[in-house]
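>>> Show me how the following folds:
(4 chains)
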2 protein chains.
Amino acid sequence: MPKSVTRTYSLYSRDAAALLGALIRETRTELKLTTQELADRAGISRGLLQRVEKGNLKCEIGAVFEVATIVGIKLFDADETALRKYMHQTKEKLALLPKSVRKKCKAVHDDF
Amino acid sequence: MPKSVTRTYSLYSRDAAALLGALIRETRTELKLTTQELADRAGISRGLLQRVEKGNLKCEIGAVFEVATIVGIKLFDADETALRKYMHQTKEKLALLPKSVRKKCKAVHDDF
DNA sequence: ATCTTATGGGCTATATGCGAACCAAAGGAA
DNA sequence: TTCCTTTGGTTCGCATATAGCCCATAAGAT
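Residues are numbered from 1 along each chain as shown, chains lettered A, B, ... in the order given. Reported below is the predicted structural model:
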């Protein structure tokens, strides 16, 4: 981020990331994978994996999702098939909504 | 990252991010929020929100979770209370597991 | 007990994600 | 139709997240 942006996160976001990280660590341990092994499989560094497991919110979501996927954590509690199905439904609903959100629109020539 | 890292993502991760982005967009539209408004509320730029809604995996997870939280999407299908409860359970299970994953250990003086 | 490995934390260099400011096109409202 | 707002693309400068090292400690195995 440019210009030193101090982001604030809601409690919910922080807890969600912390939970996901803890789940990853728990599952990794159960699978008897070292941090280095899991990091290698995910194509990330060991340091990044450590931050992911700690629930660091500045990590890129791709790394987090990838690690979660590798250890078998189902995001949205859905497998690949369910994911695509759910996505299809969402796309359909989205198609029914207006393309842009109109807010006001200055009162056109309401001749004073 | 140093040394030009080209990351690969699994289909599952890509679909999960795409779904989350689509859900965000759908909900934002239903709430009649413009991209600028939602971005402001989340404390991020409009450009970043667009990438989030597209399911870009390079976005920081904090931004994605924050936006999702603001529009009311429940991660893990759980509210704050459920999140903490679930987290507590995970921590407990983690406490029962070994602190480190030992792989082999060279055969010590197996004095043939 | 010793040995060996995993983990955590710190450090540096560098690729890159971010915000900001643009522009053009699309699409509701009047 | 004519606005005018929203949206989707850019591009660019810069703060920083990441990879890749280190080292010290923790902890499992023997």
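
>>> hey, let's count contacts and neighbours off CA atoms from now on
Fine.

>>> Could you give the number of residues near the nearest residue to residue A:61 once chain neighbours are set aside?
With CA to CA, 6 or more residues apart in numbering or on different chains as the criterion, residue A:61 has its nearest non-adjacent residue at 4.4 Å, and that residue is residue B:61. By the measure other CA atoms under 10 Å in any protein chain shown, the count of residues near residue B:61 is 25.

>>> Then the one 5 residues further on?
Residues contacting residue B:66 under the criterion other CA under 10 Å number 24.

>>> and it, how far is that from DNA strand D?
15 Å (CA to the nearest atom of the strand, to the nearest Å).

>>> again, but for residue A:53
From residue A:53 to DNA strand D the distance is 11 Å (CA to the nearest atom of the strand).

>>> So the one helix or strand residue A:90 maps to, near chain B or not?
Assigned by DSSP states H and E, residue A:90 belongs to helix A:80-96. Yes. Shown here: helix A:80-96 in contact with chain B (CA under 8 Å from any CA of the partner chain) through A:80, A:83-84, A:86-87, A:90-91, A:93-94.

>>> Same check on stretch A:7-27?
Yes. Residues of stretch A:7-27 are located near chain B by CA under 8 Å from any CA, namely A:7-10, A:12-19, A:22-23, A:25-26.

>>> coming back round to it: now list the buried members of the residues of helix A:80-96 next to chain B.
Burial by neighbour count, 16 or more other CA atoms under 10 Å in any protein chain shown: within the residues of helix A:80-96 next to chain B this picks out A:83-84, A:87, A:90-91, A:94.

>>> Serialize these to TSV and add fields for distance to residue A:50 and pLDDT.
Putting those into TSV (distance: CA to CA, whole Å; pLDDT from 0 to 100) gives the following:
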residue	distance to residue A:50	pLDDT
A:83	28	97
A:84	30	97
A:87	31	97
A:90	34	98
A:91	35	97
A:94	37	97
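
>>> Make a markdown table out of those residues and add distance to residue B:71.
What follows is those, written out as a markdown table (distance: CA to CA, whole Å):
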| residue | distance to residue B:71 |
| --- | --- |
| A:83 | 20 |
| A:84 | 22 |
| A:87 | 18 |
| A:90 | 15 |
| A:91 | 17 |
| A:94 | 15 |
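
>>> Following the lengthiest helix in chain A in sequence, what is the next regular element?
Of all the segments of type helix in chain A, defined by DSSP state H, the longest one is helix A:11-30. Later in the chain than helix A:11-30, the nearest helix or strand by DSSP H and E is helix A:35-42.

>>> by how many degrees do that following helix and helix A:11-30 diverge?
110 degrees (axes from the mean of the first three to the mean of the last three CA atoms, to 10 degrees).

>>> packing partners for helix A:35-42?
Judged by 3 or more CA pairs under 8 Å, 6 or more residues apart in numbering or on different chains; DSSP states H and E, helix A:35-42 is in contact with helix A:46-53, helix A:61-71.

>>> So for DNA strand C, which of these sits nearest?
With CA to the nearest atom of the strand, the closest approach to DNA strand C among the helices and strands packed on helix A:35-42 belongs to helix A:46-53: 5.4 Å.

>>> Run through who's touching the closest one.
Helix A:46-53 has contacts (CA atoms under 8 Å, 6 or more residues apart in numbering or on different chains) with A:18, A:20-22, A:24-25, A:35-36, A:39-40, A:59, A:64.

>>> Secondary structure class of residue A:5, three-state.
Put simply, residue A:5 is coil when judged by DSSP: H, G, I helix; E, B strand; the rest coil.
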